[in-house]
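[1] okay, predicted coordinates and the sequence, questions at the end:
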Amino acid sequence: MKHRFFTVLIIGSMLFSSCGGVRLKSYEKQDCETLPGQATLETIENRCMLCHKGDFATVQDICERKDLIIDAVETGRMPRFSKLTQQELEIIVTWQQNP
Ligand code: HEC
C-alpha cells in the first residue's frame, strides 16, 4: 500500500517535469469580480502553486478562475494527490473576503 503511494508520486512528478506544469488555458476565464483575501491567497500559494505556478501567477489570474477553483476544491478534484484540511477548504471556498 505504502509502495503504491510512492509509485504514484514518482510517476506524477515525472509527468509534471516533462510537460512543464499544468496549464488551464483551455478553461474559460471569468471576469474578475472579487479579489481573493489574504488567507485564500496564501492557501492557494501553499497548496496549489507546486503544479499551477503558471496558472495562478498573479492575484488577477486567481481571481479570473474563482468559480473553477472553488468547484475543484469543493468536489475534491484538487489538489491532485493530496487533500486540504477542513480549514483550508473553508478558506478557499469562502474566498476569505477581508474588509
Ligand atoms: C500535484 C499537482 C497539483 C496540485 C497540487 C494541484 N493541482 Fe490542479 N491540476 C493538476 C493537473 C495535472 C490538472 C489538469 C488535469 C485535469 O484537468 O484534471 C489540474 C487541473 C486543475 C483545474 C482545472 C480542472 C478541474 O478539475 O477543474 C483547476 C481549477 C485546478 N487544477 C485547481 C487547483 C487548485 C485550486 C489547487 C490547490 C488547492 C490545485 N489545483 C492543486 C495538478 C495539481
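    Sure thing, it's come through. Residues are numbered from 1 along each chain as shown.
[2] need the residues of this structure near the ligand, please.
    Where the chain comes near the ligand, counting by Cβ under 6 Å from any ligand atom, the residues are 22, 24, 27, 44, 47-48, 50-52, 68-69, 72-73, 77-82. In this view, the C-beta of every residue, glycine as well, is placed from N, C-alpha and C.
[3] PyMOL command for the buried members of the residues you listed?
    Selection command for PyMOL covering only the buried members of the residues of the chain next to the ligand, criterion 16 or more other Cβ atoms under 10 Å:
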select buried, resi 22+24+44+47+48+50+51+52+68+69+72+73+78+79
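[4] just the residues of the chain next to the ligand: which are in helices?
    Those of the residues of the chain next to the ligand mapping onto helices are 44, 47, 48, 50, 51, 52, 68, 69, 72, 73, per DSSP state H.
[5] burial of residue 56, as a residue count?
    Other residues lying near residue 56 total 23 when counted by other Cβ atoms under 10 Å.
[6] ok, and the closest non-adjacent residue to it?
    Distances taken as Cβ to Cβ, 6 or more residues apart in numbering put residue 62 closest to residue 56, at 4.9 Å, once the chain neighbours are dropped.
[7] wait, the one you found sits on residue 41?
    Yes. Here residue 62 lies in contact with residue 41, judged by Cβ atoms under 8 Å, at a distance of 7.1 Å.
[8] which of these two has more neighbours?
    In this view residue 62 and residue 41 are compared by other Cβ under 10 Å, and residue 62 has more residues nearby, 22 against 17.
[9] thanks a lot, catch you later.
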